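In: Quick one: sequence plus predicted model below, questions after.
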Amino acid sequence: MVETLLNTVPGTRDILPGEIWRWQRVEECARQIFTQYGFMEIRTPIMESTELFARGIGGDTDIVGKEMYTFEDRSGKSITLRPEATASVVRAYIQNALYRGAGLAKLYYVGPMFRHEKKQKGRWRQFYQIGAEALGSDHPAIEAEVIEMLLSMISSLQIETKLLVNSVGCVKCRARYIQLLRGSLAGMLQHLCDDCRRRAETNSLRVFDCKVESCQPHIQKLPAITDHLCVECANHFASFKGYLAAAGIGYQVVPRLVRGLDYYVRTAFEIVSGELGAQNALAGGGRYDGLSEVLGGPPVKGFGFALGLDRLVMLLPDAVAMEAKYKPEIFLAYIGDQAFRQTLSFARALRRQGRSCYFDFDGGSLKSQMRMANKLNASYVLIIGEEELAKGLFKLKRLEDSAQWDVTMEGLPSFLAESAALANPSASMKAGK
Ligand code: HAM
C-alpha cells in the first residue's frame with residue numbers, strides 16, 4: 001500500500017529540476033520559432049467531453065477504442081483526459097468563433113496528453129506534445145510552411161530526422177480506394193491477425209497501423225493509396241511536394257503512412273528519427289478539412305501537427321541543452337552572522353539589478369560553500385567576511401580560471417558588465433574599484 005502511495009501511476013513520471021531545463025530549452029525554442037511564423041498559443045482544458053474525441057478521432061481507432069482515460073464525473077457526464085489536442089483546438093475555434101479573426105487562425109499548444117498504451121521506451125501514458133494548427137485554408141503551401149517551421153525548430157536543436165509524406169485522399173477517392181483495399185484484404189484474411197480481420201471489415205485503412213510481424217508481408221502487397229487519388233487530390237499532393245522542394249525540404253513518399261486518427265484527408269506526414277528505437281515517430285500531422293463539420297461546426301479547413309516532447313528531449317544533445325541549464329552568476333559565500341545579514345541585502349540588491357545569485361542559508365565553512373558554488377556551476381563567488389565588510393572591499397573569484405579581484409559592492413555591476421563584454425580580465429579589473 002505504501003508503495004502505491006509513494007509511486008507515480010505506471011506510465012507517468014516526475015520531471016525533476018535536474019532535467020527540466022532540457023524541456024525548457026525545447027519549449028523556448030518552439031515558442032520563439034512558432035511566433036516568428038505568426039502562431040499564437042492556445043491553452044485548452046486537459047479534460048473534455050468523451051464525445052468530442054470519440055467523434056473527432058474516430059470510434060474505430062486504437063486511441064478511442066483502447067487507450068482513452070474516460071470516467072464519469074460526479075454529475076454522471078462522461079469525461080476524457082485528452083489523448084491529443086487537435087479535436088480540442090477545433091472545438092475551441094468553433095466555440096469561440098475564432099474564424100471571425102483576421103486571416104488564418106494559427107494556434108500552437110504545449111501540454112500533457114493521456115493514452116493508456118502499452119509501456120515501452122519513448123512511450124508514456126502521460127506524455128507531452130507541442131503542436132500547431134493552422135485553421136482556415138486548404139492551400140498546399142501552408143502545409144509546406146508548417147512543416148518548414150517544425151523542421152527548422154528540430155534542426156535548430158541539432159537533431160537529425162527524416163520527413164515521410166503521403167496523401168490519404170479525400171472522402172470521395174478514399175471511398176473508392178477502400179473498396180479496392182477491402183477486395184484485396186478479403187483474399188488474405190486467413191494470413192492476418194484478429195485485429196486486422198476486424199479492421200478489414202470495419203475500417204480497412206487501419207490495417208496499415210498493424211504492428212504484428214506476421215501480417216507485414218501481406219500488408220506490403222496491398223494497393224497503394226497514392227496510385228488511386230482523384231485528380232484534385234493528386235494535384236494537391238503534387239503541389240504540396242512542389243512547395244516542399246522549393247523550400248529545400250527533402251522528403252520520402254510512404255504510401256502506407258495513413259496515421260492512427262480518422263480525421264485526416266489529403267496530406268499526412270510523419271517525422272521520424274533512427275535514434276528513437278521502435279517508437280521512431282517524433283512528430284506527425286496532416287490535413288483535417290472535415291473535422292469541424294464532424295464536430296457540428298462550420299466547414300473549416302485545417303492542417304497541423306503534434307510533436308512528442310518526451311521523445312525530442314531524449315534526442316536533445318547535451319551541448320544544446322546546457323545552454324538553458326540554471327547556473328547562478330554570483331554565489332555569495334559569507335562567514336559569520338553579520339556577513340549573513342549583509343548577504344541577504346546584497347542578494348536582494350543584485351537580483352533587483354537583474355543578476356542571478358545564490359547563497360546557502362545554512363552557511364557552513366568557506367570550503368563547503370565553495371564546493372556548493374562549484375556544484376551549481378556558478379560563474380563567480382563573492383566572499384563576504386567580517387574583514388571584507390569592515391574594509392568595504394570583497395574578493396570576487398571567477399571559478400572558470402580562479403582569477404581573483406577585489407571589488408566594492410558599488411563597483412560590482414559595472415565590473416561584471418565590462419567583464420562580460422570584454423571577456424578580458426585584465427581590462428575589466430579597473431572597474432572593480
Ligand atoms: P499522433 O501521431 O498521435 O498525432 O501524436 C503525435 C506525436 O506525439 C507522435 O509522433 C509521438 O512523438 C508523440 N506521442 C504519441 N503518443 C505518445 C506516447 N504514448 N508517449 C510519448 N509520445 C507519444 C496527434 O496527436 C495529432 N493530434 C497530430 C495532429 C495535429 N494532426 C493534425 N494536427
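Out: On my side now, so go ahead.
In: I'd say residue 38 and residue 106 touch.
Out: Yes - proximity of residue 38 to residue 106 meets the contact threshold set by CB atoms under 8 Å, at 5.2 Å. (Each C-beta comes from the backbone N, C-alpha and C, glycine too.)
In: And these two? Which one has more around it.
Out: More neighbours surround residue 106 than the other of residue 38 and residue 106, with 24 against 12 (other CB atoms under 10 Å).
In: Now for the closest residue to that one other than its chain neighbours: which residues touch it?
Out: Distance criterion CB to CB, 6 or more residues apart in numbering; nearest residue to residue 106, sequence neighbours excluded, is residue 39 at 4.3 Å. Contact partners of residue 39, counting by CB atoms under 8 Å, 6 or more residues apart in numbering, are 106-108, 132, 134, 149.
In: Look up how far residue 30 lies from residue 39.
Out: 9 Å (CB to CB, to the nearest Å).
In: Find residues that contact each of these two.
Out: residue 108.
In: tally of neighbours for the residue nearest to residue 262 when sequence neighbours are not counted?
Out: Once flanking residues are discounted, residue 262 sits nearest to residue 58: 2.7 Å by CB to CB, 6+ apart. Neighbour count for residue 58, taken as other CB under 10 Å: 20.
In: ok, now which ones touch residue 58?
Out: 64, 203, 261-263.
In: Can you say which two of the residues you listed are spatially most distant?
Out: Distance extremes for the contacts of residue 58: the farthest pair is 203 and 263 at 12.8 Å, using CB to CB.
In: between the two, who's got more neighbours?
Out: Neighbours were counted for residue 203 and for residue 263 using other CB under 10 Å; residue 263 has more, 24 against 17.
In: what sits up against the longest helix seen in the chain?
Out: Looking across the chain with DSSP state H, the single longest helix is helix 17-36. Identification of contacts with helix 17-36 by CB under 8 Å, 6+ apart yields 15, 41, 108, 110, 128, 130, 132, 149, 152-153, 156-157, 307, 309, 312-313, 316, 320-321, 323-326.
In: Is it possible to mark the buried ones in the residues you listed?
Out: Neighbour-count burial (16 or more other CB atoms under 10 Å) applied to the contacts of helix 17-36 gives 108, 110, 128, 130, 132, 149, 153, 157, 307, 309, 312-313, 316, 320-321, 324.
In: What about those residues, which are in strands?
Out: 108, 110, 128, 130, 132, 307 (DSSP state E).
In: about what we covered before: any idea which of the buried ones among the contacts of helix 17-36 is the one closest to the ligand?
Out: The shortest gap between the ligand and any of the buried ones among the contacts of helix 17-36 belongs to residue 307, at 6.1 Å (CB to the nearest ligand atom).
In: which residue packs closest to the closest one, ignoring adjacent ones?
Out: residue 283 (3.8 Å).
In: quick one: that neighbour and residue 304 touch, right?
Out: No - taking contacts as CB under 8 Å, residue 283 lies outside contact range of residue 304: 10.5 Å.
In: Give me the neighbour count for the residue in the chain positioned nearest to the ligand.
Out: Of all residues in the chain, the one sitting closest to the ligand is residue 308 (2.2 Å; CB to the nearest ligand atom). Using other CB under 10 Å, residue 308 has 24 other residues around it.
In: Write out the residues of the stretch 51-200 of the chain neighbouring the ligand.
Out: 84, 86, 115, 117, 123-124, 127, 129, 131, 133 (CB under 6 Å from any ligand atom).
In: Need the buried ones from the residues you listed selected in PyMOL.
Out: This is the PyMOL syntax for the buried subset of these, where burial follows 16+ other CB under 10 Å:
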select buried, resi 84+86+115+117+123+124+127+129+131+133
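In: need the residues of the stretch 51-200 of the chain next to the ligand in JSON lines with pLDDT, can you?
Out: Below are these laid out as JSON lines (pLDDT from 0 to 100):
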{"residue": "84", "pLDDT": "98"}
{"residue": "86", "pLDDT": "98"}
{"residue": "115", "pLDDT": "97"}
{"residue": "117", "pLDDT": "93"}
{"residue": "123", "pLDDT": "94"}
{"residue": "124", "pLDDT": "96"}
{"residue": "127", "pLDDT": "98"}
{"residue": "129", "pLDDT": "98"}
{"residue": "131", "pLDDT": "98"}
{"residue": "133", "pLDDT": "98"}
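In: Would you mind listing the residues in contact with residue 395?
Out: Contacts for residue 395 (CB under 8 Å, 6+ apart) come out as 382-383, 388, 404-406.
In: Recalculate using a threshold of 10 Å.
Out: Contact partners of residue 395, counting by CB atoms under 10 Å, 6 or more residues apart in numbering, are 333, 381-385, 388, 404-407.
In: so how far is residue 121 from the closest residue to residue 351 other than its chain neighbours?
Out: Spatial nearest neighbour of residue 351, chain neighbours left out: residue 357 (6.4 Å); criterion: CB to CB, 6+ apart. Distance, residue 357 to residue 121, using CB to CB: 40 Å.
In: more neighbours, these two?
Out: Shown here are residue 357 and residue 121; by other CB under 10 Å, residue 357 has more neighbours (20 against 10).
In: just to revisit the earlier point, residues in contact with both of residue 283 and residue 304, list them for me.
Out: Joint contacts of residue 283 and residue 304 (CB under 10 Å, 6+ apart) are 131, 150.
In: Tell me what the residue lying closest to residue 310 once chain neighbours are set aside is bridged to.
Out: Residue nearest to residue 310 in three dimensions, not counting chain neighbours: residue 127, with 5.0 Å by CB to CB, 6+ apart. Beta bridges link residue 127 to residue 113 when assigned by DSSP bridges.
In: for residue 127, what are its contacts?
Out: By CB under 10 Å, 6+ apart, the neighbours of residue 127 are 11-13, 83, 112-115, 117, 308-311.
In: Can you name the two of those residues that sit furthest apart?
Out: Maximum distance among the contacts of residue 127 (CB to CB): 18.1 Å, for 13 and 83.
In: Looking at the two now, which is surrounded by more residues?
Out: residue 83 (24 against 13).
In: what helices or strands is the helix or strand encompassing residue 56 leaning on?
Out: Following DSSP states H and E, one finds residue 56 within helix 50-57. Helices and strands touching helix 50-57, by 3 or more CB pairs under 10 Å, 6 or more residues apart in numbering; DSSP states H and E, are strand 69-72, strand 78-81, helix 86-95, helix 291-294.
In: swap the cut-off to 6 Å and go again
Out: strand 78-81, helix 86-95 (3 or more CB pairs under 6 Å, 6 or more residues apart in numbering; DSSP states H and E).
In: closest one to residue 102 among these?
Out: helix 86-95 (14.3 Å).
In: secondary structure class for residue 395?
Out: Classification of residue 395 by DSSP: H, G, I helix; E, B strand; the rest coil places it in strand.
In: Identify the bridge partners of it.
Out: Under the criterion used (DSSP bridges), residue 395 bridges to residue 383, residue 406.
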